[in-house]
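J.: below is the sequence, then the predicted model.
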Amino acid sequence: MKLAILGGGGFRVPLVYGALLGDHAEGRVTEVTLHDLDSARLAAVARVLGEQADGIPDAPAVTVTTDVDEALRGAAFVFSAIRVGELEGRAIDERIALDEGVLGQETVGAGGIAYGLRTVPVATEIARRVARLAPDAWVINFTNPAGLVTEAMSRHLGDRVMGICDTPVGLGRRVARVLGADPDRVWIDYVGLNHLGWLRGLRIDGRDELPRLLADDTALDSFEEGRLFGREWLRALGAIPNEYLHYYYFNREAVRAYREAEQTRGAFLRDQQAMFYEAMRDPAAPPLATWDRTRAEREATYMAENREAAGAGERDTDPESGGYEQVALALMRAIARDERATLILNVRGGATLDVLDADAVIEVPCLVDANGARPLSVAPLPHHATGLVCAVKAVEREVMAAAESGSRATAAKAFALHPLVDSVTVARRLVDGYASGHPGLAYLNRK
């Protein structure tokens, strides 16, 4: 069975391959094709994968290509992890937004809109190619902004595209551990959009144990989200928000921390990964050790500005991660082997959230088998969450409309409607700034 990884020269690809190496059952992936536009990055990642496969006789064969059609032909699964504009583009997104006093994070606020405007046209073309060259393939999207990009691709692939994110899975597993439960044996009540969701319950043997957690000071102080949001706010919400909601609930503090930081997150990753790929040009460099060192530093500094703003201290040295590679592997297994599994995914919601239309992609627990993923029914969101979800979904729709029409006015509307952009004037300046900073936004040439 063939897996095509688009963005195959990306830094996190060895995580996916490492997960595949642990799967020895029938119906597993036996061939991996890495596609990227940068042949040097492909070569670097292929070296890491080669060392990972040492001593594993049934390791999936790895091929590399810069031809996307070649990568797609014959694929049973397509993993999309592209980064349009590379990390330099992310750094530009952050800086332009911060210069206007608004958030530049790559999936939230102005930065997420800019990234979406660059990415949606490319992702849409990929979806068209998949539909033509590999119509029976299942597409697993990890390209950010994941919910927006998944919805754009679903317009051409229907329910054969699903988005994944490790954040809600990791949150659920952390909460389960704190409550002394096996994360694999609990039911997580979670719903929202990608990077905009809430854990509203965690049932153990049919009983919701979230109230017990919210009443326990020590327990709340013992995990990432508890320290990030603080006991008082979590109790007020009666839920545990996805960590990305820190950008909404504590926006001024987050923007101030990002503006005061020595370097934005995108700039840090750009420089750090550039050093990795440069080091890998040396044939004597140990591939896996070089990659491991870089990854450890990357994970330790994740959301550092938010933790600083919240006074949450250092990141856990070994946080309970959902591991997006493990989510992807579980999803592929469930479909390829018809093994029923329940996973939190980004899918078209149907009637799941009645405040959104059926085609809106949401992030929700799904039942997965050989027929794909079906969202499970959930209780309605409270009004405060409904407002955020509807507002951000409206922004996503404007981004897709701008990407289709090339209208700068529609792009400006997307920025202006976002809850974290507080001025139409600022929204228009953001469009001008991003259009000047990114060749990939040259298509925004209509009024």
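T.: Structure received. Residues are numbered from 1 along each chain as shown.

J.: please count neighbours and contacts with C-alpha atoms only from this point.
T.: Will do.

J.: can you name the element that comes right after the helix or strand of the chain with the lowest mean pLDDT?
T.: Counting by mean pLDDT, DSSP states H and E, the chain has its least confident helix or strand at helix 304-310, which shows a mean of 61. Towards the C-terminus, the helix or strand next in line after helix 304-310, according to DSSP states H and E, is helix 324-337.

J.: can you list contacts of the helix or strand following that following helix?
T.: Under the assignment DSSP H and E, the closest C-terminal helix or strand after helix 324-337 is strand 341-348. Outside of strand 341-348, the residues within contact range by CA atoms under 8 Å, 6 or more residues apart in numbering are 146-147, 150-151, 154, 159, 161-165, 168-169, 190, 193-194, 327, 330-331, 334, 358-369, 373-375.

J.: could you check how far strand 341-348 is from the centre of its chain?
T.: Its chain's C-alpha centre and that of strand 341-348 lie 13 Å apart, by CA atoms, centre = their mean, to the nearest Å.

J.: any stretches of the protein with poor pLDDT?
T.: Per-residue confidence for the chain (pLDDT under 70) gives these ranges: 301-322.

J.: try it again at 50.
T.: Counting by pLDDT under 50, the low-confidence segments of the chain come to 317-321.

J.: centroid-wise, who is the farthest residue in it?
T.: The outermost residue of the chain relative to its centre, with distances by CA atoms, centre = their mean, is A284 at 33.5 Å.

J.: tell me which element that one is part of?
T.: Using DSSP H and E, A284 maps to neither a helix nor a strand.

J.: likewise for the one 4 residues further on?
T.: Remark: L288 resides in helix 287-300, with elements defined by DSSP H and E.

J.: give me the buried positions along that helix.
T.: 287-288, 290-291, 294-295 (16 or more other CA atoms under 10 Å).

J.: cool, and stretch 106-125?
T.: By neighbour count with 16+ other CA under 10 Å, stretch 106-125 contains the buried residues 106-124.

J.: for stretch 208-217, measure first residue to last.
T.: The first and last residues of stretch 208-217 sit 18 Å apart, counting by CA to CA, to the nearest Å.

J.: likewise for stretch 94-103?
T.: For stretch 94-103, the separation between the terminal residues is 7 Å (CA to CA).

J.: what does that stretch contact?
T.: With CA under 8 Å, 6+ apart as the test, stretch 94-103 has contacts from 104-106, 109-111, 247, 251, 254-255, 258-259, 264, 266, 420-421, 426, 430, 433-434.

J.: dihedrals phi and psi, the closest residue in space to A411 that isn't next to it in sequence?
T.: Distance criterion CA to CA, 6 or more residues apart in numbering; nearest residue to A411, sequence neighbours excluded, is A402 at 5.3 Å. Reported as degrees, to the nearest 10, the phi and psi values for A402 are phi -70, psi -40.

J.: also the one 4 residues further on?
T.: In this entry, G406 is assigned phi and psi values of phi 80, psi 20 (degrees, to the nearest 10).

J.: who's in contact with it?
T.: Contact criterion CA under 8 Å, 6+ apart gives 443-446 as the residues in contact with G406.

J.: buried set for stretch 385-405?
T.: Counting neighbours by 16+ other CA under 10 Å, one finds that the buried residues in stretch 385-405 are 385, 388-389, 392-393, 395-403, 405.

J.: out of those residues, the closest to L353 would be?
T.: Using CA to CA, V389 comes nearest to L353 of those, at 10.2 Å.

J.: wait, doesn't the closest one sit right on L196?
T.: Yes - the criterion here is CA atoms under 8 Å, and V389 meets it with L196 at 7.2 Å.

J.: what's the burial count for T425?
T.: 11 (other CA atoms under 10 Å).

J.: nope, R185 is what I meant
T.: Number of residues near R185 (other CA under 10 Å) recorded here: 11.

J.: quick check on it: phi, psi?
T.: Backbone dihedrals for R185, given as degrees, to the nearest 10, come out at phi -120, psi 20.

J.: same question for the one 4 residues further on.
T.: Dihedral angles of D189 (phi, psi; degrees, to the nearest 10) stand at phi -90, psi 100.

J.: for D208, see how far away it is.
T.: Shown here: D189 relative to D208, a distance of 9 Å by CA to CA.

J.: starting at the chain centroid, how far to stretch 232-251?
T.: Using CA atoms, centre = their mean, we find the averaged C-alpha position of stretch 232-251 to lie 19 Å away from the chain's own average C-alpha position.

J.: next, the buried residues of that stretch.
T.: For stretch 232-251, a neighbour-count test (16+ other CA under 10 Å) marks 234, 238-248, 251 as buried.

J.: mind listing the strands for the chain?
T.: When assigned using DSSP state E, the strands of the chain occupy the ranges 2-6, 31-35, 61-65, 77-80, 138-141, 161-163, 187-193, 196-204, 207-208, 240-241, 341-348, 361-369, 372-375.

J.: let me have those strands in CSV, extended by distance to K413.
T.: Output for those, formatted as CSV (distance: least, CA to CA, whole Å):
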stretch, distance to K413
strand 2-6, 31
strand 31-35, 34
strand 61-65, 39
strand 77-80, 28
strand 138-141, 26
strand 161-163, 25
strand 187-193, 20
strand 196-204, 20
strand 207-208, 41
strand 240-241, 27
strand 341-348, 24
strand 361-369, 21
strand 372-375, 30
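
J.: so which of those is nearest Y17?
T.: Minimum separation from Y17 across the strands of the chain (CA to CA) falls at strand 31-35, 8.4 Å.

J.: could you list every helix and strand that that closest one packs against?
T.: strand 2-6, strand 61-65, helix 68-72 (3 or more CA pairs under 8 Å, 6 or more residues apart in numbering; DSSP states H and E).

J.: can you tell me which of the contacts of strand 341-348 are buried?
T.: Among the contacts of strand 341-348, those that count as buried by neighbour count (16+ other CA under 10 Å) are 146-147, 150-151, 154, 159, 161-165, 168-169, 190, 193-194, 327, 330-331, 334, 359-369, 373-375.

J.: coming back round to it: now, the contacts of G406 that are in helices?
T.: Among the contacts of G406, no residue falls in helices (DSSP state H).

J.: that older thread, from memory the residue nearest to A411 sits against F415, does it?
T.: No - when contacts are counted by CA under 8 Å, A402 is not listed as touching F415 (11.1 Å).

J.: looking at D189 and D208, which one has more neighbours?
T.: Neighbours per residue (other CA under 10 Å) separate D189 from D208, with D189 holding more: 20 against 16.

J.: isn't the more buried one right up against R200?
T.: Yes - with contacts counted by CA under 8 Å, D189 reaches R200, the gap being 5.5 Å.

J.: any buried residues in stretch 438-447, and which?
T.: Neighbour-count burial for stretch 438-447 flags 438, 440-441, 443-444 (criterion: 16+ other CA under 10 Å).

J.: from those residues, pick the one nearest L6.
T.: Nearest to L6 among these, counting by CA to CA, is G440 at 18.5 Å.

J.: state the distance from that closest one to R90.
T.: Plainly put, G440 is 13 Å away from R90 if you go by CA to CA.
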